[in-house]
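> Turn this into a model:
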Amino acid sequence: MGNCNSCPSKNNCGKQATCTIENNPNNKIKNIIGIMSGKGGVGKSTVTSLIAKKLNKEGYKVGILDADITGPSIPRLMGLQNERALSNDGVNIYPVISKDGIKTMSINYMVGDESQPVVFKGPLISNTIKQFYKDVMWEELDYLLIDMPPGTGDVALTVMQSLPITGMIMVSVPQDMISMIVAKGVNMARKLNVNIFGVVENMSYIECPDCNKKIKLFDGDDTEKFLSEMNLNLLGELPMTREIVEITHNGVKNISNELNEILGNIVEKIK
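So this is what the prediction gives:
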């Protein structure tokens, strides 16, 4: 049985007698939110980093667990690609902390060269995720965001079954094919009784620099139909802007007033 006293779902899950989640008694994490898409290349890690920055800016204590073991990108997005995670007792691992105080953990902090592949089989990947949750000294956090890899495989199953998830955020782009794949992740979460906050639509539109008109690159009816059919809330729409594109090259730094307002609306819906 897990340690209920340090569990974010204490007194709310109704499964204390059968719970197998292992919690670190040194950690006190209030909310654990997974960011998932089911599809690669939709900007899920970027969305994770932006939400983390916004929550941090609002005064919350935030951490990011990079669960994409074979394709980690959080260190680069947070400007921490040259850092290494340390352990002073051979058991507990200390997260790498950004300049503004966001705690992060990624497999890239444990390899000498970020371009080297991590060749793990499924069980080892799942055990690594559990270790990053249980053995990392997250200490006190208001929010731990989990940046998940694409798909509905081992990592998604491990996160939903072995971690006390508060809820999931789905990331999509306004294309019918992507919506179909994202729907797989939604249905998986629902089968496992995991709460879904809603969808963040990335690359939703571009804004004309002259007239500020929003130009949809794809048919907006597809998104509305998808949300309606899946009974999902739209948390927010992120535009295609140079600011967001630059994040993948230079990390999340200063956020414009326009993007800050969009992120504020998203964050309000997951608190």
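> remind me which residues of the protein are low pLDDT?
1-6, 8-20, 90, 219-221 (pLDDT under 70).
> need the longest helix for it.
Counting residues, the longest helix in the chain under DSSP state H turns out to be helix 176-191.
> and that helix, how far out from the chain's middle?
16 Å (CA atoms, centre = their mean, to the nearest Å).
> Roughly how far does G43 sit from V96?
Per CB to CB, to the nearest Å, G43 is found 22 Å from V96. The way it works is simple: take the backbone N, C-alpha and C, and place the C-beta from them, glycine included.
> Return the list of helices and strands in contact with the longest helix of the chain.
Judged by 3 or more CB pairs under 8 Å, 6 or more residues apart in numbering; DSSP states H and E, the packing partners of helix 176-191 are helix 154-162, strand 167-172, strand 196-201, helix 220-230.
> May I see the ones you listed arranged in TSV, with mean neighbour count as well?
TSV is the format used below for the helices and strands packed on helix 176-191 (neighbours: other CB atoms under 10 Å):
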stretch	mean neighbour count
helix 154-162	20
strand 167-172	25
strand 196-201	23
helix 220-230	15
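> To D68, which of these lies closest?
Among the helices and strands packed on helix 176-191, helix 154-162 comes nearest to D68, with 7.6 Å by CB to CB.
> helices or strands up against that closest one?
strand 28-36, helix 122-134, helix 176-191.
> and these, which is most packed in?
strand 28-36 (a mean of 22; mean count of other CB atoms under 10 Å).
> who does that strand pair up with?
strand 140-147 (parallel), strand 167-172 (parallel) (DSSP bridges).
> mind giving me JSON lines with these and columns for distance to K30?
Shown next, in JSON lines, are the strands paired with strand 28-36 (distance: least, CB to CB, whole Å):
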{"stretch": "strand 140-147", "distance to K30": "5"}
{"stretch": "strand 167-172", "distance to K30": "13"}
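> Minimum distance to K121: which of the ones you listed has it?
Closest among those, using CB to CB: strand 140-147, at 20.8 Å.
> which residues are contacting that closest one?
Residues outside strand 140-147 that contact it (CB atoms under 8 Å, 6 or more residues apart in numbering) are 27-35, 44-45, 48, 51-52, 55, 60-68, 73-74, 103, 138, 159, 163, 165.
> That strand relative to helix 154-162, how many degrees between them?
Strand 140-147 runs at 150 degrees relative to helix 154-162, counting by axes from the mean of the first three to the mean of the last three CA atoms, to 10 degrees.
> Could you list the buried residues of strand 140-147?
For strand 140-147, a neighbour-count test (16 or more other CB atoms under 10 Å) marks 141-147 as buried.
> if we can go back for a sec, so what touches the longest helix of the chain?
Counting by CB under 8 Å, 6+ apart, 36-39, 42, 152, 156, 160, 168, 170-172, 195-196, 199, 222-223, 226, 230, 232 sit against helix 176-191.
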